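Peer 1: need a structure here:
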Amino acid sequence: MTRLIVVAIAVALCAGTAGAASPRIGQLTASRDGWHATLTFTKTRDPYPEDSHFHLTVKDGTRVMLDQAVTSSLPDVGSQFQPGGFGQPVLSFRDLNGDGSRELVLLLFTGGAHCCSFDQIFDFSGAKPRKTEFDFADSGAAIKVVGGKVLFASGDDSFAYAFTDYADSGEPIELRTYDAGRFTNVTRDYPSVVAKDAAFWWTQYRHSLKTGRDERGILAAWSADEALLGHAAGAKQTLVRLSATGVLNRASGLPLPKGSAYIKALWRFLDKEGYLR
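Peer 2: Reported below is the predicted structural model:
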């Protein structure tokens, strides 16, 4: 149950040689305060849509700051990917850490049903550009500003398949900041955002009672949010009460724990993933 926040983007495509198998050149640009970035890539539609040969150029006025092929060293990312963002700007300049300097954010996607949205950050605050990349897996990341801080809002992908099938799995919110080449998990620092996410999952649980969907993945995400808010004991009591009414005992056809066994398994999982600390 991946949640992605959609914002509009613009993609300029230039037609190439005629013919079904002929490649076309894709181009994306971003500008801010005299800085300009251009991402070009080759698009081929036959036999399957495919992007390749990504190249990024960044200029400060007329001074070339970066001119290189786009590659990734992430373990789950190969040499084939495409513009990502799912509606967010694929290419944008942002001051991610509030130091007055700009970073270039590039959002990419590997394709496939369950993998992988990854972000690349190009930091120009030092003598040389520094690239940092992070794999946001299925959830992707929406860039949000909360209390003046730029956050990468995503979901905890470790919950996928943990307690039910992928489609019924819930992923509690994760919030990260970028600074000096590092992404830091700051989810606990934003209880109001976590509380909103917990309310979302509880609403999804109530809806599941009407639709007959497996609620275990949804309640796992809700419990994780509640634990981050310091309400782990209350969340566990709620699950015990629900188990007593038979809610967590419905047969799903999956070899996964039900009832009290589900609660024990969930609390072991939350402890292992750091939600109970």
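Peer 1: low-confidence ranges, the stretch 1-150 of the chain, go.
Peer 2: Residues of the stretch 1-150 of the chain that meet the criterion pLDDT under 70 lie in 1-23, 44-51, 78-79, 112-115.
Peer 1: do a quick rundown of the strands in it.
Peer 2: 12-14, 24-32, 35-44, 50-60, 63-69, 82-83, 91-94, 103-109, 117-123, 130-135, 142-146, 149-155 (DSSP state E, counting those that start in this stretch).
Peer 1: and these: which comes nearest G274?
Peer 2: The closest of these to G274 is strand 149-155. By Cβ to Cβ, the value is 15.4 Å. C-beta here means a position set from N, CA and C on the backbone, and glycine is covered the same way.
Peer 1: what's whichever helix or strand comes after the closest one packed up against?
Peer 2: Per DSSP states H and E, strand 149-155 leads on to strand 173-179 as the next helix or strand towards the C-terminus. In this structure, strand 173-179 makes packing contacts with strand 149-155, strand 182-185, helix 191-211, judged by 3 or more Cβ pairs under 8 Å, 6 or more residues apart in numbering; DSSP states H and E.
Peer 1: hmm, try it at 6 Å
Peer 2: Counting contacts by 3 or more Cβ pairs under 6 Å, 6 or more residues apart in numbering; DSSP states H and E, strand 173-179 is packed against strand 149-155, strand 182-185.
Peer 1: and for that strand, what's in contact with it?
Peer 2: For strand 173-179, contacts defined as Cβ atoms under 6 Å, 6 or more residues apart in numbering pick out 96-97, 121, 151-154, 156, 183-187, 190, 197.
Peer 1: same question, stretch 228-239
Peer 2: Residues from elsewhere that reach stretch 228-239 (Cβ under 6 Å, 6+ apart): R188, P191, V194, S223, E226, I263, L276.
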